[in-house]
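Participant: fold the following, please.
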Amino acid sequence: MSRPERRPLAAELEETLREIGRADLVVGIPSYNNARTIGHVVRAVMAGLAKYFPDHTAVIVNSDGGSKDGTPEIVRQVTLGDYRTVLATHPVHPIRRLTAPYQGVPGKGSALRMVFEVAVRLQARACAVVDADVRSIAPEWMEWLISPVLREGFDFVAPLYRRHKYDGTITNSIVYPLTRALYGRRVRQPIGGDFGFSGQLAAHYLAHDVWHTDVARFGIDIWMTTTAITGGFRVCQSFLGAKIHDAKDPGVDLSGMLTQVVGSVFELMEANYSTWSAVRGSEPVPTFGLEYEVGLEPIRVNVARMLGIFRLGAEELSDLWQKILSPSTFRAVQRIAASGDADFRFPPDVWVALIYDFAVAFHRRVIHRDHLLQALVPLYLGRTASFVLETSESTAEEVEAVIEELCLQFEQQKPYLIANWEARE
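Facilitator: Numbering: from 1, shown residues only. All right, here's what the predicted structure looks like:
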């Protein structure tokens, strides 16, 4: 694969990188108007680097999307205070902080492209990226994201969180089980947002010319995970504890995220067909860190609203769904929509067949892809409502067992996907 032409960085940043020369560790924090939370994030990163890697040179890179709320200024001003309050010894090397606007298509992907460039320029051995809005980050995150790379030889470290059972429903119902069935690796949070990776993998990411595509806008997390797996890199995951951010009711304001993320997964399916079509079953990836129970913020779920949108979709999108779904799946969806609230269930086997039908229709361009992805939203809400009704009294372990059963359905029905993908229109 040919390396895209190296993108020039801002002149001030280029000069700073020449001055630094090399660094063992690079931590990227992409941001856009995160003044409320980024101070805590930077402080936690600094404490983690100083505590767990005191003998290594480290650089924190804030790749900012043009914040108007003073986010970059906060990054520059944050101090750790008296090192003795958190550390047994003073770190050998000062932790450098860089903040600069990224260039290119607005989005997290363009922000991370700058982080990858900095990592390659500084010949970093290990890197991490963390979201600027995560309120539960702790210094230990640096240990668990970086140590598997630096000390165990892994190239990619995915996060493993404890989340409320109704937080992350797009991941739980589509992205995790589909990615697992496609590529055969059980990476539980493939779009988690906080990752560790090697300098070698950073260079591999830069070798892909995707920075003017949807990846740069909203598909970077799943692209990073998928590219690490399909590129043959050593993949693991680390338990980070709670994932506390500004979580939303899964029935409200998630349609944009759903279409963006699922569209990215479907596009990656096209690019990697020769890889995933040969995979059967799945295997766990090594997991670092001690898993433990944590307190989580409650999430209120409006099931009635989700059911209303699903049933309205069954009325108004019937002709569109018929073009996308197989006849048997379409009839099953119509029966589900006609059922009452008390016994409403969206069975996992129907859901899996539905997602595979949508993937094939996306591949064949049966209808405009944006319209296809929008047509999935009411169906996702119907499946999510069923999941909430089914698990309202369930513990976290019981919910995970339900998700595991869904994953196995995706794996078992994969021959159906391949047969339809390869069939002539």
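Participant: from Gln200, how far off is the residue lying closest to Gly199 once chain neighbours are set aside?
Facilitator: Leaving out its chain neighbours, the residue that sits closest to Gly199 by CB to CB, 6 or more residues apart in numbering is Ala124, at 4.5 Å. Bear in mind the C-beta positions are built from the backbone N, C-alpha and C, glycine included. Using CB to CB, to the nearest Å, Ala124 is found at 10 Å from Gln200.
Participant: more neighbours: those two, which one.
Facilitator: Shown here are Ala124 and Gln200; by other CB atoms under 10 Å, Ala124 has more neighbours (27 against 13).
Participant: what about that one, which SS state?
Facilitator: Three-state assignment for Ala124 (DSSP: H, G, I helix; E, B strand; the rest coil): coil.
Participant: per-residue confidence for it?
Facilitator: Looking at Ala124, its pLDDT reads 98.
Participant: can you pull the contacts of the residue nearest to Gly199?
Facilitator: The neighbourhood of Ala124, defined by CB atoms under 8 Å, 6 or more residues apart in numbering, consists of 23-26, 59, 118, 199, 202.
Participant: which of those residues fall in helices?
Facilitator: In helices, defined here by DSSP state H, the members of the contacts of Ala124 are 118, 199, 202.
Participant: now Arg188, what's its secondary structure?
Facilitator: Per three-state DSSP, Arg188 ends up coil.
Participant: distance check, it against Val175.
Facilitator: 10 Å.
Participant: then Met46?
Facilitator: Taken as CB to CB, the span from Met46 to Val175 is 32 Å.
Participant: now swap in Arg234 and tell me
Facilitator: 22 Å.
Participant: which of these two has more residues huddled nearby?
Facilitator: Val175 (23 against 17).
Participant: the more buried one contacts Gly192, correct?
Facilitator: No - between Val175 and Gly192 there is no contact under CB atoms under 8 Å: 10.3 Å.
Participant: circling back to that earlier point, using TSV, please lay out the ones in helices among the contacts of Ala124 together with neighbour count.
Facilitator: Shown next, in TSV, are the ones in helices among the contacts of Ala124 (neighbours: other CB atoms under 10 Å):
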residue	neighbour count
Val118	25
Gly199	22
Ala202	23
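Participant: distance check, the nearest residue to Pro148 once chain neighbours are set aside against Pro286.
Facilitator: Sequence neighbours aside, Phe154 is the residue nearest to Pro148 in space, at 4.4 Å (criterion: CB to CB, 6+ apart). With distances taken as CB to CB, Phe154 is found 8 Å from Pro286.
Participant: any common contacting residues for these two?
Facilitator: By CB under 8 Å, 6+ apart, the residues touching both Phe154 and Pro286 are 148, 236.
Participant: looking only at neighbour counts, state which of the two leads.
Facilitator: Between Phe154 and Pro286, Phe154 has the larger neighbour count (other CB under 10 Å), namely 25 against 13.
Participant: and the more buried one, that's in a strand?
Facilitator: No - read with three-state DSSP, Phe154 is coil and lies in no strand.
Participant: isn't it up against Arg234?
Facilitator: Yes - counting by CB under 8 Å, Phe154 does reach Arg234; the two are 4.6 Å apart.
Participant: buried ones in stretch 268-285?
Facilitator: Using 16 or more other CB atoms under 10 Å as the burial criterion, the residues of stretch 268-285 that qualify are 268-269, 272, 275-276, 279, 282, 285.
Participant: mean confidence score for that stretch?
Facilitator: 97.
Participant: residues touching it, excluding its own?
Facilitator: So stretch 268-285 is in contact with 158, 180-187, 219, 222-223, 226, 230, 235-237, 359, 363, 407, 411, 414, 418, 421-422, going by CB under 8 Å, 6+ apart.
Participant: and those, which are buried?
Facilitator: 158, 180-187, 219, 222-223, 226, 230, 235-237, 359, 363, 407, 411, 414, 418, 421.
Participant: the helices in the stretch 101-250 of the chain, which residues?
Facilitator: Using DSSP state H, counting those that start in this stretch, the helices of the stretch 101-250 of the chain run over 108-121, 140-150, 169-170, 176-183, 199-206, 214, 220-230.
Participant: CSV please, covering those and showing mean pLDDT and distance to Ser63.
Facilitator: Shown next, in CSV, are these (pLDDT from 0 to 100; distance: least, CB to CB, whole Å):
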stretch, mean pLDDT, distance to Ser63
helix 108-121, 94, 4
helix 140-150, 97, 17
helix 169-170, 92, 25
helix 176-183, 98, 26
helix 199-206, 97, 13
helix 214, 83, 19
helix 220-230, 97, 12
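Participant: can you list those in CSV and add distance to Ile403?
Facilitator: Converted to CSV, the helices of the stretch 101-250 of the chain look like this (distance: least, CB to CB, whole Å):
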stretch, distance to Ile403
helix 108-121, 26
helix 140-150, 23
helix 169-170, 10
helix 176-183, 7
helix 199-206, 28
helix 214, 27
helix 220-230, 17
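Participant: wait, which of those is closest to Pro101?
Facilitator: helix 108-121 (8.8 Å; CB to CB).
Participant: poorly predicted segments of the stretch 201-350 of the chain, please.
Facilitator: When residues are selected by pLDDT under 70, those of the stretch 201-350 of the chain lie in 245-254, 292-298.
Participant: could you pick out the longest helix of the protein?
Facilitator: Determined from DSSP H, the single longest helix within the chain is helix 369-391.
Participant: mean confidence score for it?
Facilitator: Helix 369-391 comes out at a mean pLDDT of 96.
Participant: and it, how far from the chain's centre?
Facilitator: Relative to the mean C-alpha coordinate of its chain, helix 369-391 is positioned 19 Å out (CA atoms, centre = their mean, to the nearest Å).
Participant: by contact count, what packs against it?
Facilitator: helix 169-170, helix 255-271, helix 303-316, helix 318-324, helix 327-338, helix 348-364, helix 396-412 (3 or more CB pairs under 8 Å, 6 or more residues apart in numbering; DSSP states H and E).
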